[in-house]
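1. Sequence and predicted structure are below.
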Amino acid sequence: MNAKKAKEDVIHFIFLILGLIAVGSVLVITIYLIISGLPAIREIGLVDFLFGKRWASTAAEPEYGILPFILTSIYGTAGAIIIGVPIGFFASVYLAKMAPKKVCQVMELCIGVLSGIPSVVYGLVGMLILVPGIMNMFNVPDGASLLAAIIVLAIMILPSVIKVSLSSLQAVPREYEEASLALGATTTETYFKVTVPAAKSGIFTAIVLGIGRAIGEAMAVMMVAGNVANMPGLFQSVRFLTTAVASEMSYSSGLQRQALFSIALVLFFFIMLINATLMLIKKRSQSI
Amino acid sequence: MIQQLSNRRKAWGYMMKTFCYVSIAVVSALTLFMIFYIFYKGLPEITWSLVSTSPSYLKHTIGILPDIMNTLYVVIATLVMVLPIGVGAAIYLTEYAKNRKIVELIEFAAETLSGIPSIIYGLVGMLVFCQFLGLQTSLLAGSMTLVIMNLPTILRTTQEALKTVPQSYREGAFALGAGKWRAIRTVVLPSCINGIVTGCILAIGRILGESAALLFTTGFAHNLNGFFEGLRSSGATLTVALYVYAKEQGEFEVAYAIAAILMVLTIIINIATTLMGRLMERRNGQ
């Protein structure tokens, strides 16, 4: 009897360890990023690092200012949200409320495929269609620009925005809509003035998730944004926080390498901010 | 007499409906364009010699067989490691955990992990697995990085599946004298195998599409190796190879060919998850 109990305890303990691996991973990632990111910030100075306008890591007198990267990431994400969220929002309202069942099924498969396409494939298509397209359409010397990155990011966040808002719209109780219809509202009015407000927190979650995806995307952006450390401008060749890390990592050394880890730390900080926002939305929608 | 809607209300309704139709048209056009454009450009480039040889500098030919094999190795190695951890963690959360605090902590950690961008995984994977654990840039280091990335996916799908197993199954097993572990192994796990398979398919999809996390952890080599030798050496997966061929070598035909292969795999994976979902619904409905 005792042996059996001991065996059960051991198994319980093993499962506990397996469960704690996730916790351990989060800790290791956080600690490693902080340890390897802080030295460069200390050497360069926090203000110079965060608000320095020039990044010249390989120059004779290197400068490490990452304001261009931070602003590019913010502008790029904002642009992707401004284009992607309205399209995703209206598409999800259509799918949740107006679409025939067959259309809905086909579109769900489409959105699944769209979200499953690897980011390098988006990058490839962007690089060979979007970049030359922008070059010809706006008569700029190089199409690899912030605009190209914004469009690619907008397309890449679409599926997750649609999926999350769709499921929250579908979860709205049918009675709400029936009440609104009974009071004389048209169906369209009901969908937009009753169903959508009721699914508000889910739609917010979708937007915040979109922000997280856009700010963390590296490969597709690297292929279309041109990768020069300019201050952001719509037709400038720019570098995001993610691409700043990825593009110099392979040949960096010394302070330059440490500065790259510091950039990753800044990116991680942004992501944690987004995670905290998500938790807050979740908590508030649960408490109501 | 039926009162007519005011013009303003009518116009507003039409406008909103138009927005909806335009948006869905944009989404479907984008999907169709991506699928057909990639196939149109990529399928003609896929030749037998491309998929069955290694690249040769002497003959100036490009082959992607090593990249295909590397991708396969990474998928296998990652699944072998992530399945026990993810399923185990899910079992702990649903079957064993009594302390609310620990459950919340683990769920919080999993949620945080799923929000971290892949480039950060790549960076930390390089620091921890390649340098600290001394694995160098190798497929094994890349797989271990992907294990942590995919842990939340496996954990969540398994947890959902475990929750749908009726409590009476467990009670039945206990009543027959089974211990907790035996009940889980022989009754609970087999009845949620669909959920675990779905998790695996989702994870395979993520592994196939991943590139940023692998750039610094698996490297770019194109050598053909056996499984165990491959794990110890550096090698590009299909996505990384696509990136290198397109961005650094300007070999767009090869890049399109790889893109077409990846597209086929993406579509297969999506159909598989949809089918699994339907299967599970049918089973739960009974």
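-> That came through fine.
2. Poorly predicted segments of chain B, please.
-> Low-confidence segments of chain B (pLDDT under 70): B:1-3, B:284-286.
3. What residue in it comes nearest to chain A?
-> Closest residue of chain B to chain A, Cβ to the nearest Cβ: B:Pro117 (2.5 Å). To be clear about C-beta, it is placed using only N, CA and C from the backbone, and glycine gets the same treatment.
4. Contact partners for that residue?
-> Applying Cβ atoms under 8 Å, 6 or more residues apart in numbering or on different chains, we find B:Pro117 in contact with A:212, A:215-218, A:242, A:267, A:271, B:212.
5. Also A:Phe235?
-> Here A:Phe235 is in contact with A:134, A:138, A:140, A:145-147 (criterion: Cβ under 8 Å, 6+ apart).
6. contacting residues for A:Ala144?
-> Residues in contact with A:Ala144 (Cβ under 8 Å, 6+ apart) are A:127, A:131, A:224-227, A:237.
7. Skipping its backbone neighbours, what lies nearest it in space?
-> Beyond its immediate neighbours in the sequence, the residue positioned closest to A:Ala144 (Cβ to Cβ, 6 or more residues apart in numbering or on different chains) is A:Gly226, lying 3.5 Å away.
8. circling back to that earlier point, now the contacts of A:Phe235 as JSON lines including distance to chain B, secondary structure and pLDDT?
-> Below are these laid out as JSON lines (distance: Cβ to the nearest Cβ, whole Å; DSSP: H, G, I helix; E, B strand; the rest coil; pLDDT from 0 to 100):
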{"residue": "A:Ile134", "distance to chain B": "17", "secondary structure": "helix", "pLDDT": "89"}
{"residue": "A:Phe138", "distance to chain B": "21", "secondary structure": "helix", "pLDDT": "87"}
{"residue": "A:Val140", "distance to chain B": "21", "secondary structure": "coil", "pLDDT": "83"}
{"residue": "A:Ser145", "distance to chain B": "16", "secondary structure": "coil", "pLDDT": "89"}
{"residue": "A:Leu146", "distance to chain B": "18", "secondary structure": "helix", "pLDDT": "91"}
{"residue": "A:Leu147", "distance to chain B": "17", "secondary structure": "helix", "pLDDT": "92"}
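9. And those residues, which two are furthest apart?
-> A:Phe138 and A:Leu146 (12.3 Å; Cβ to Cβ).
10. Please identify which of the two sits among more neighbours.
-> For the pair A:Phe138 and A:Leu146, the greater number of neighbours falls to A:Leu146 (25 against 12), based on other Cβ atoms under 10 Å in any protein chain shown.
11. Now residue 237, what are its backbone angles?
-> Defaulting to chain A. Note on A:Ser237: its backbone torsions stand at phi -80, psi 120 [degrees, to the nearest 10].
12. right idea, wrong chain: chain B
-> Summarising the backbone geometry of B:Thr237 under the convention degrees, to the nearest 10, its torsions are phi -80, psi 180.
13. ok, the closest residue to it other than its chain neighbours - contacts?
-> Spatial nearest neighbour of B:Thr237, excluding adjacent residues (Cβ to Cβ, 6+ apart): B:Thr71 at 4.4 Å. With contacts defined as Cβ under 8 Å, 6+ apart, the neighbours of B:Thr71 are B:208, B:237-238.
14. what do you get for A:Gly216?
-> Under the criterion of Cβ under 8 Å, 6+ apart, the contact partners of A:Gly216 comprise A:242, A:267, A:271, B:116-120.
15. on that earlier part again, how about a markdown table for the contacts of A:Ala144, with neighbour count added?
-> Listed next are those as a markdown table, based on neighbours: other Cβ atoms under 10 Å in any protein chain shown:
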| residue | neighbour count |
| --- | --- |
| A:Met127 | 23 |
| A:Val131 | 21 |
| A:Val224 | 28 |
| A:Ala225 | 29 |
| A:Gly226 | 22 |
| A:Asn227 | 20 |
| A:Ser237 | 20 |
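16. and the gap between B:Val124 and B:Ile148?
-> B:Val124 sits 9 Å away from B:Ile148 when distances are taken as Cβ to Cβ, to the nearest Å.
17. shared neighbours of these two, which are they?
-> Overlap between the neighbourhoods of B:Val124 and B:Ile148 consists of A:Ile29, taking contacts as Cβ under 8 Å, 6+ apart.
18. and the spatially closest residue to A:Ile117 that is not a sequence neighbour, what does it touch?
-> Leaving out its chain neighbours, the residue that sits closest to A:Ile117 by Cβ to Cβ, 6+ apart is B:Thr266, at 5.7 Å. Taking Cβ under 8 Å, 6+ apart, we find B:Thr266 in contact with A:113, A:116-118, B:205, B:208-209.
19. before we move on, what about B:Tyr92?
-> B:Tyr92 makes contact with A:15-16, A:18-19, B:106, according to Cβ under 8 Å, 6+ apart.
20. Show me the helices in the stretch 1-150 of chain B, by range?
-> In the stretch 1-150 of chain B, helices defined by DSSP state H, counting those that start in this stretch lie at B:7-42, B:48-52, B:65-91, B:100-115, B:118-125, B:139-164, listed in chain order.
21. in the first one, what's buried?
-> This points to helix B:7-42. Of the residues in helix B:7-42, those with enough neighbours to count as buried (16 or more other Cβ atoms under 10 Å in any protein chain shown) are B:12-13, B:16-17, B:19-20, B:23-24, B:26-28, B:30-31, B:34-35, B:37-38, B:41-42.
22. Is that helix in proximity to chain A?
-> Yes: using Cβ under 8 Å from any Cβ of the partner chain, a contact is recorded between helix B:7-42 and chain A, made by B:9, B:12-13, B:16-17, B:19-24, B:26-28, B:30-32, B:34-35, B:37-38.
23. Help me confirm that B:Ile196 comes into contact with B:Val87.
-> Yes: the pair formed by B:Ile196 and B:Val87 meets the contact definition of Cβ atoms under 8 Å, at 6.2 Å.
24. what is in contact with the two at once?
-> B:154, B:158.
25. which of these two has more neighbours?
-> B:Val87 (25 against 18).
26. if I read this right, the more buried one contacts B:Val197, doesn't it?
-> No: with contact taken as Cβ under 8 Å, B:Val87 and B:Val197 are classed as non-touching, separated by 11.3 Å.
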